[in-house]
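In: Could you work out the structure for the sequence below:
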Amino acid sequence: MKLSTLILEKRNRPKLVVMAGGAGTGKSYLLSQLDLGSLHLVNPDKYVEDPDSPAYNKLSPGVALANKEAEALGDDKTSFVWDTTASNPAKVKQFLDKGYDVYMVMVYTHPVIAFISNAKRIRRVPSSAVFSTWNNVYKLIEDYNKMLKGNLSIFINDRGGDFDQYIKEFDTAAKNGADGISDYLQKLTDKLELETGSTFRDPIQLSKQVEQEFFKAVRNIDYNTEDYSEDRALKKYFSDWYNKKGVGPGEEKMEKKLASHRREKENAATRNVNTLDSIAADLYDPLFQEKLVHSTPAEIDSKIQNFLS
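Out: I've put the predicted structure just below:
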(Lines give C-alpha, C1' and ligand atoms only; values in the text may rest on other atoms or scores of the structure.)
Protein backbone atom coordinates (compact mmCIF):
# COMPACT_ATOMS: atom_id res chain seq x y z
CA MET A 1 0.00 0.00 0.00
CA LYS A 2 1.30 3.45 -0.93
CA LEU A 3 2.27 5.89 1.81
CA SER A 4 -0.20 8.42 0.41
CA THR A 5 -3.01 5.88 0.76
CA LEU A 6 -2.03 5.14 4.36
CA ILE A 7 -2.03 8.85 5.16
CA LEU A 8 -5.44 9.31 3.56
CA GLU A 9 -6.89 6.40 5.52
CA LYS A 10 -5.41 7.82 8.71
CA ARG A 11 -7.00 11.21 8.05
CA ASN A 12 -10.37 9.62 7.38
CA ARG A 13 -10.40 7.65 10.61
CA PRO A 14 -12.95 8.95 13.13
CA LYS A 15 -11.56 10.81 16.14
CA LEU A 16 -12.42 10.45 19.79
CA VAL A 17 -11.26 12.88 22.45
CA VAL A 18 -11.75 11.44 25.94
CA MET A 19 -11.99 13.89 28.83
CA ALA A 20 -11.16 11.63 31.77
CA GLY A 21 -11.45 12.17 35.51
CA GLY A 22 -13.85 11.90 38.40
CA ALA A 23 -16.30 14.28 40.05
CA GLY A 24 -14.87 17.58 41.20
CA THR A 25 -11.69 17.41 39.12
CA GLY A 26 -12.53 20.28 36.76
CA LYS A 27 -13.15 18.62 33.40
CA SER A 28 -15.77 21.20 32.46
CA TYR A 29 -13.32 24.02 33.15
CA LEU A 30 -10.65 22.48 30.93
CA LEU A 31 -13.16 21.76 28.17
CA SER A 32 -13.98 25.47 28.08
CA GLN A 33 -10.28 26.18 27.43
CA LEU A 34 -10.03 23.86 24.41
CA ASP A 35 -11.03 24.52 20.82
CA LEU A 36 -12.91 21.39 19.86
CA GLY A 37 -14.88 23.05 17.12
CA SER A 38 -18.19 21.41 16.32
CA LEU A 39 -17.33 18.01 17.77
CA HIS A 40 -20.34 16.47 19.47
CA LEU A 41 -20.03 16.23 23.27
CA VAL A 42 -21.24 13.15 25.12
CA ASN A 43 -21.75 13.93 28.80
CA PRO A 44 -23.97 12.20 31.40
CA ASP A 45 -24.87 15.64 32.78
CA LYS A 46 -27.00 16.21 29.68
CA TYR A 47 -29.36 13.46 30.81
CA VAL A 48 -29.07 14.01 34.55
CA GLU A 49 -29.88 17.73 34.33
CA ASP A 50 -32.73 17.48 31.80
CA PRO A 51 -36.15 17.44 33.53
CA ASP A 52 -37.59 15.65 30.50
CA SER A 53 -34.97 12.89 30.60
CA PRO A 54 -35.80 9.49 32.14
CA ALA A 55 -32.44 9.87 33.93
CA TYR A 56 -33.25 13.25 35.47
CA ASN A 57 -31.36 13.53 38.76
CA LYS A 58 -30.36 9.86 38.46
CA LEU A 59 -26.64 9.35 38.02
CA SER A 60 -26.37 5.68 37.06
CA PRO A 61 -29.12 5.88 34.41
CA GLY A 62 -27.52 9.08 33.10
CA VAL A 63 -24.16 7.38 32.73
CA ALA A 64 -25.84 4.42 31.03
CA LEU A 65 -27.58 6.69 28.50
CA ALA A 66 -24.33 8.56 27.81
CA ASN A 67 -22.52 5.26 27.23
CA LYS A 68 -25.30 4.16 24.90
CA GLU A 69 -25.00 7.44 22.99
CA ALA A 70 -21.23 6.98 22.69
CA GLU A 71 -21.69 3.44 21.38
CA ALA A 72 -24.20 4.64 18.77
CA LEU A 73 -21.77 7.33 17.59
CA GLY A 74 -19.08 4.67 17.44
CA ASP A 75 -21.24 2.46 15.23
CA ASP A 76 -21.73 5.43 12.89
CA LYS A 77 -17.98 6.24 12.96
CA THR A 78 -18.75 9.79 14.11
CA SER A 79 -16.01 11.86 15.73
CA PHE A 80 -16.91 13.17 19.18
CA VAL A 81 -15.76 14.24 22.66
CA TRP A 82 -16.55 11.96 25.58
CA ASP A 83 -16.72 13.30 29.14
CA THR A 84 -16.29 10.22 31.34
CA THR A 85 -14.42 8.93 34.37
CA ALA A 86 -12.54 6.48 32.10
CA SER A 87 -12.38 4.04 35.01
CA ASN A 88 -13.05 1.14 32.62
CA PRO A 89 -10.32 0.81 29.94
CA ALA A 90 -12.41 -1.71 28.00
CA LYS A 91 -14.92 1.01 27.14
CA VAL A 92 -12.13 3.11 25.62
CA LYS A 93 -10.50 0.18 23.84
CA GLN A 94 -13.73 -0.67 22.05
CA PHE A 95 -13.35 2.53 20.03
CA LEU A 96 -9.81 1.62 19.03
CA ASP A 97 -11.22 -1.71 17.88
CA LYS A 98 -13.83 0.17 15.82
CA GLY A 99 -11.08 2.04 13.98
CA TYR A 100 -10.99 5.27 15.97
CA ASP A 101 -8.00 7.43 16.70
CA VAL A 102 -8.25 8.24 20.40
CA TYR A 103 -6.70 11.06 22.40
CA MET A 104 -7.19 11.22 26.15
CA VAL A 105 -6.97 14.27 28.37
CA MET A 106 -6.84 13.16 31.98
CA VAL A 107 -7.74 15.86 34.47
CA TYR A 108 -5.98 15.30 37.77
CA THR A 109 -6.64 17.08 41.01
CA HIS A 110 -5.61 16.38 44.57
CA PRO A 111 -8.16 14.19 46.42
CA VAL A 112 -9.02 16.90 48.94
CA ILE A 113 -9.80 19.35 46.12
CA ALA A 114 -12.07 16.75 44.52
CA PHE A 115 -13.73 16.14 47.89
CA ILE A 116 -14.43 19.81 48.61
CA SER A 117 -15.45 20.63 45.03
CA ASN A 118 -17.91 17.75 44.92
CA ALA A 119 -19.38 18.78 48.27
CA LYS A 120 -20.05 22.28 46.93
CA ARG A 121 -21.74 21.12 43.73
CA ILE A 122 -25.50 21.30 43.26
CA ARG A 123 -25.44 17.62 42.35
CA ARG A 124 -23.13 15.56 44.51
CA VAL A 125 -21.98 11.98 44.32
CA PRO A 126 -21.19 10.20 47.61
CA SER A 127 -17.76 11.14 48.97
CA SER A 128 -16.83 7.45 48.90
CA ALA A 129 -17.41 7.52 45.13
CA VAL A 130 -15.15 10.57 44.77
CA PHE A 131 -12.28 8.69 46.39
CA SER A 132 -12.89 5.32 44.72
CA THR A 133 -12.94 6.96 41.28
CA TRP A 134 -9.79 8.93 42.10
CA ASN A 135 -8.09 5.73 43.21
CA ASN A 136 -9.19 3.74 40.16
CA VAL A 137 -8.62 6.25 37.38
CA TYR A 138 -5.16 7.57 38.20
CA LYS A 139 -3.76 4.08 38.60
CA LEU A 140 -4.57 3.63 34.91
CA ILE A 141 -2.31 6.41 33.62
CA GLU A 142 0.44 4.07 32.46
CA ASP A 143 -2.04 1.58 30.99
CA TYR A 144 -3.76 4.29 28.97
CA ASN A 145 -0.46 5.76 27.82
CA LYS A 146 0.50 2.37 26.40
CA MET A 147 -2.94 1.66 24.96
CA LEU A 148 -3.10 5.04 23.21
CA LYS A 149 0.57 5.02 22.20
CA GLY A 150 1.32 8.31 23.88
CA ASN A 151 -1.90 10.08 22.90
CA LEU A 152 -2.39 11.18 26.50
CA SER A 153 -2.07 14.53 28.24
CA ILE A 154 -2.49 15.26 31.93
CA PHE A 155 -3.84 18.52 33.24
CA ILE A 156 -3.12 19.05 36.93
CA ASN A 157 -5.86 21.27 38.27
CA ASP A 158 -4.61 22.92 41.47
CA ARG A 159 -7.31 25.63 41.37
CA GLY A 160 -4.71 28.38 41.40
CA GLY A 161 -3.34 27.44 44.80
CA ASP A 162 -6.57 28.25 46.66
CA PHE A 163 -6.55 24.80 48.28
CA ASP A 164 -2.85 24.61 49.21
CA GLN A 165 -3.52 24.70 52.95
CA TYR A 166 -6.06 21.88 52.73
CA ILE A 167 -3.66 19.86 50.59
CA LYS A 168 -0.93 20.25 53.19
CA GLU A 169 -3.30 19.22 55.99
CA PHE A 170 -4.65 16.25 54.02
CA ASP A 171 -1.17 15.01 53.17
CA THR A 172 -0.14 15.25 56.80
CA ALA A 173 -3.22 13.28 57.84
CA ALA A 174 -2.49 10.70 55.11
CA LYS A 175 0.69 9.71 56.93
CA ASN A 176 -1.65 7.87 59.30
CA GLY A 177 -3.44 6.09 56.46
CA ALA A 178 -7.20 5.72 56.21
CA ASP A 179 -7.81 6.54 59.86
CA GLY A 180 -5.89 9.79 59.56
CA ILE A 181 -7.71 10.80 56.38
CA SER A 182 -11.15 9.93 57.79
CA ASP A 183 -10.53 11.95 60.95
CA TYR A 184 -9.30 14.91 58.95
CA LEU A 185 -12.23 14.82 56.51
CA GLN A 186 -14.71 14.86 59.39
CA LYS A 187 -13.03 17.92 60.91
CA LEU A 188 -12.86 19.62 57.51
CA THR A 189 -16.53 18.86 56.84
CA ASP A 190 -17.51 20.46 60.16
CA LYS A 191 -15.19 23.43 59.66
CA LEU A 192 -16.41 24.27 56.15
CA GLU A 193 -19.99 23.12 56.82
CA LEU A 194 -19.87 20.83 53.80
CA GLU A 195 -22.68 18.61 52.56
CA THR A 196 -21.13 15.25 51.70
CA GLY A 197 -24.19 13.08 51.12
CA SER A 198 -25.35 12.17 47.64
CA THR A 199 -28.05 14.25 45.97
CA PHE A 200 -28.89 11.29 43.74
CA ARG A 201 -30.90 9.46 46.35
CA ASP A 202 -33.96 7.77 44.93
CA PRO A 203 -36.42 6.85 47.71
CA ILE A 204 -38.80 3.99 47.01
CA GLN A 205 -42.38 5.19 46.65
CA LEU A 206 -44.92 2.64 47.83
CA SER A 207 -48.63 2.70 47.11
CA LYS A 208 -50.83 2.96 50.19
CA GLN A 209 -51.77 -0.72 49.98
CA VAL A 210 -48.18 -1.91 49.53
CA GLU A 211 -47.00 0.41 52.30
CA GLN A 212 -49.55 -1.08 54.71
CA GLU A 213 -48.41 -4.59 53.84
CA PHE A 214 -44.77 -3.56 54.18
CA PHE A 215 -45.22 -2.22 57.70
CA LYS A 216 -47.01 -5.43 58.68
CA ALA A 217 -44.06 -7.41 57.31
CA VAL A 218 -41.42 -5.47 59.26
CA ARG A 219 -43.27 -4.88 62.53
CA ASN A 220 -41.17 -7.52 64.29
CA ILE A 221 -37.92 -6.70 62.48
CA ASP A 222 -35.40 -4.46 64.22
CA TYR A 223 -34.14 -2.16 61.49
CA ASN A 224 -33.16 1.49 61.42
CA THR A 225 -35.91 3.47 59.70
CA GLU A 226 -33.67 6.56 59.79
CA ASP A 227 -30.96 4.79 57.77
CA TYR A 228 -31.72 5.71 54.15
CA SER A 229 -29.92 2.80 52.52
CA GLU A 230 -31.37 0.24 54.93
CA ASP A 231 -34.91 1.58 54.59
CA ARG A 232 -34.63 1.75 50.81
CA ALA A 233 -33.19 -1.75 50.46
CA LEU A 234 -36.02 -3.34 52.44
CA LYS A 235 -38.75 -1.35 50.71
CA LYS A 236 -37.39 -2.13 47.25
CA TYR A 237 -37.05 -5.81 48.03
CA PHE A 238 -40.59 -5.96 49.42
CA SER A 239 -42.08 -3.87 46.61
CA ASP A 240 -40.47 -5.92 43.82
CA TRP A 241 -41.64 -9.15 45.41
CA TYR A 242 -45.17 -7.88 46.08
CA ASN A 243 -45.64 -6.41 42.60
CA LYS A 244 -44.53 -9.69 41.03
CA LYS A 245 -46.39 -12.17 43.24
CA GLY A 246 -49.18 -10.18 44.85
CA VAL A 247 -47.97 -11.01 48.35
CA GLY A 248 -44.98 -10.05 50.44
CA PRO A 249 -41.90 -12.27 50.82
CA GLY A 250 -42.57 -13.05 54.46
CA GLU A 251 -40.76 -12.10 57.65
CA GLU A 252 -37.98 -14.68 57.33
CA LYS A 253 -36.94 -13.52 53.88
CA MET A 254 -37.13 -9.88 54.97
CA GLU A 255 -34.78 -10.63 57.86
CA LYS A 256 -32.36 -12.37 55.49
CA LYS A 257 -32.49 -9.38 53.16
CA LEU A 258 -31.69 -7.05 56.05
CA ALA A 259 -28.74 -9.21 57.10
CA SER A 260 -27.50 -9.34 53.52
CA HIS A 261 -27.74 -5.56 53.17
CA ARG A 262 -25.84 -4.99 56.40
CA ARG A 263 -23.07 -7.34 55.26
CA GLU A 264 -22.77 -5.38 52.03
CA LYS A 265 -22.53 -2.13 53.99
CA GLU A 266 -19.74 -3.60 56.06
CA ASN A 267 -17.97 -4.74 52.88
CA ALA A 268 -18.40 -1.26 51.39
CA ALA A 269 -16.92 0.29 54.53
CA THR A 270 -13.94 -2.05 54.25
CA ARG A 271 -13.47 -1.15 50.59
CA ASN A 272 -13.55 2.54 51.50
CA VAL A 273 -10.82 2.03 54.11
CA ASN A 274 -8.72 0.18 51.53
CA THR A 275 -9.29 3.00 49.04
CA LEU A 276 -8.14 5.67 51.48
CA ASP A 277 -5.09 3.60 52.42
CA SER A 278 -4.26 3.29 48.73
CA ILE A 279 -4.63 7.04 48.18
CA ALA A 280 -2.40 7.74 51.17
CA ALA A 281 0.25 5.45 49.68
CA ASP A 282 0.02 7.10 46.23
CA LEU A 283 0.50 10.58 47.66
CA TYR A 284 3.88 9.50 49.03
CA ASP A 285 4.87 7.19 46.17
CA PRO A 286 7.54 8.85 43.98
CA LEU A 287 6.78 6.47 41.09
CA PHE A 288 3.14 7.55 41.11
CA GLN A 289 4.06 11.22 41.33
CA GLU A 290 6.43 10.86 38.36
CA LYS A 291 3.47 9.88 36.18
CA LEU A 292 1.77 13.23 36.82
CA VAL A 293 3.39 15.22 34.03
CA HIS A 294 1.43 18.47 33.74
CA SER A 295 0.49 20.12 30.46
CA THR A 296 -1.08 23.58 30.26
CA PRO A 297 -4.43 24.10 28.53
CA ALA A 298 -2.61 25.79 25.64
CA GLU A 299 -0.24 22.84 25.26
CA ILE A 300 -3.09 20.36 25.40
CA ASP A 301 -5.10 22.35 22.86
CA SER A 302 -2.13 22.40 20.48
CA LYS A 303 -1.72 18.63 20.75
CA ILE A 304 -5.43 18.07 20.17
CA GLN A 305 -5.44 20.32 17.10
CA ASN A 306 -2.58 18.28 15.64
CA PHE A 307 -4.42 15.09 16.55
CA LEU A 308 -7.65 16.23 14.90
CA SER A 309 -5.93 17.44 11.75
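
In: What's the mean pLDDT across the helix or strand that contains Thr172?
Out: Thr172 belongs to helix 164-174 when assigned by DSSP states H and E. Average pLDDT, helix 164-174: 98.

In: for it, packing partners?
Out: Helix 164-174 sits against helix 111-119, helix 177-192, helix 251-283, with contacts defined as 3 or more C-beta pairs under 8 Å, 6 or more residues apart in numbering; DSSP states H and E. C-beta here means a position set from N, CA and C on the backbone, and glycine is covered the same way.

In: In JSON lines: the ones you listed, plus mean pLDDT and mean neighbour count.
Out: Formatted as JSON lines, the helices and strands packed on helix 164-174 follow (pLDDT from 0 to 100; neighbours: other C-beta atoms under 10 Å):
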{"stretch": "helix 111-119", "mean pLDDT": "96", "mean neighbour count": "23"}
{"stretch": "helix 177-192", "mean pLDDT": "98", "mean neighbour count": "15"}
{"stretch": "helix 251-283", "mean pLDDT": "97", "mean neighbour count": "15"}
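
In: Reformat those helices as JSON lines; add distance to Val137.
Out: Output for these, formatted as JSON lines (distance: least, C-beta to C-beta, whole Å):
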{"stretch": "helix 111-119", "distance to Val137": "11"}
{"stretch": "helix 177-192", "distance to Val137": "18"}
{"stretch": "helix 251-283", "distance to Val137": "12"}
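
In: Ok, which of those helices comes nearest Ser128?
Out: Ranking the helices and strands packed on helix 164-174 by proximity to Ser128 (C-beta to C-beta) places helix 251-283 first, at 5.0 Å.

In: and that closest one, how far from the chain's centre?
Out: In terms of C-alpha atoms, centre = their mean, to the nearest Å, the centre of helix 251-283 is found 18 Å from the chain centre.

In: circling back: compare the helices and strands packed on helix 164-174 and report which one is nearest to Ile304.
Out: Among the helices and strands packed on helix 164-174, if distance is taken as C-beta to C-beta, the winner is helix 111-119, at 23.7 Å.
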